[in-house]
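Trainee: A predicted structure for the sequence below; I have some questions about it.
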Amino acid sequence: MITASEALNRLREGNQRFVAGVRNVETKLNNARRDELASGQEPFAIILGCSDSRVPAEIVFDQGLGDLFVIRVAGNIVAPSQVGSVEFAAARFGTRLVVVLGHSQCGAVLATLEELRQPTEQQSRNLRSIVDRVRPSVEGLLGSELQHDVEALVRHAVRANVGVSVSHLRHGSEILEDLIQNEGLVVVGAEYSLETGVVEFFDEAVLA
């Protein structure tokens, strides 16, 4: 079993390769690897990321087939289905690192901020469910000094949203709480920069 610390180092090294434009030859798909995985999988990290087409986790972290268990949803929000997916992978495969991966200029966060400023009467029920998940993490920021600096507001909102999702995974599931307390599971937040390609990890102190 790969520890959370080892998994984080592997992700960090992969992101460095991605930024440098150098791909690990082992991440390239081949028939032998596909056949090997047909009978089972052992992903070394779980990534709960945004559905944004510019942030595919396997590419951003330069990983290959079978390396990552990826859950993608607009705004990297945490709803019951996402919690259940993380529980499944952590319990079934022994994966010990969960990363909530947000990104700069997140459309779901921007949409939530816009909705809070100018509510939309005809917004679909399904879209509103995403906005409502993001809302608690960003609503308070609109009453702060950040309201006068849109770029700073969005940056803080993206990170606040990641933080709420991390907290939900750490404290909103008995299964995950038990794995954290007794089995070495670690949940951390991270942000991908659309501008640079760099992933910045948060809360790394939990790995100490």
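Mentor: Yep, that arrived. Numbers count the residues shown, from 1 in each chain.

Trainee: State the distance from the residue of the chain most remote from its centre to residue 115.
Mentor: What lies farthest from the middle of the chain is residue 121; by CA atoms, centre = their mean that is 30.3 Å. Computed as CB to CB, to the nearest Å, the residue 121 to residue 115 distance reads 11 Å. To be clear about C-beta, it is placed using only N, CA and C from the backbone, and glycine gets the same treatment.

Trainee: all helices of the protein, in order?
Mentor: 4-20, 31-37, 57-60, 80-93, 107-117, 125-138, 150-171, 174-182 (DSSP state H).

Trainee: what's next to the longest one, contact-wise?
Mentor: Same thing as helix 150-171. Around helix 150-171, the neighbours that count as contacts under CB atoms under 8 Å, 6 or more residues apart in numbering are 48, 75-78, 83, 86, 98, 100-106, 108-110, 112-113, 134, 136-138, 141-142, 146-147, 176-177, 180, 187-191, 202-203.

Trainee: Alpha carbons of that helix, as CSV, please.
Mentor: Taking C-alpha atoms only, helix 150-171 is exported to CSV below (Å, rounded to 0.1, in the frame of the first residue of the first chain):
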residue,chain,number,x,y,z
VAL,A,150,-12.9,41.1,-8.1
GLU,A,151,-9.7,39.2,-8.9
ALA,A,152,-8.8,38.8,-5.2
LEU,A,153,-12.4,37.9,-4.4
VAL,A,154,-12.4,35.0,-7.0
ARG,A,155,-9.0,33.7,-5.7
HIS,A,156,-10.2,33.6,-2.1
ALA,A,157,-13.6,32.1,-3.2
VAL,A,158,-11.9,29.3,-5.1
ARG,A,159,-9.8,28.4,-2.1
ALA,A,160,-12.7,28.7,0.3
ASN,A,161,-14.7,26.4,-1.8
VAL,A,162,-11.9,23.8,-1.8
GLY,A,163,-11.6,24.1,2.0
VAL,A,164,-15.3,23.5,2.5
SER,A,165,-15.2,20.3,0.4
VAL,A,166,-12.1,19.1,2.3
SER,A,167,-13.8,19.7,5.6
HIS,A,168,-16.9,17.9,4.4
LEU,A,169,-14.9,14.8,3.4
ARG,A,170,-13.0,14.8,6.7
HIS,A,171,-16.0,15.2,9.0
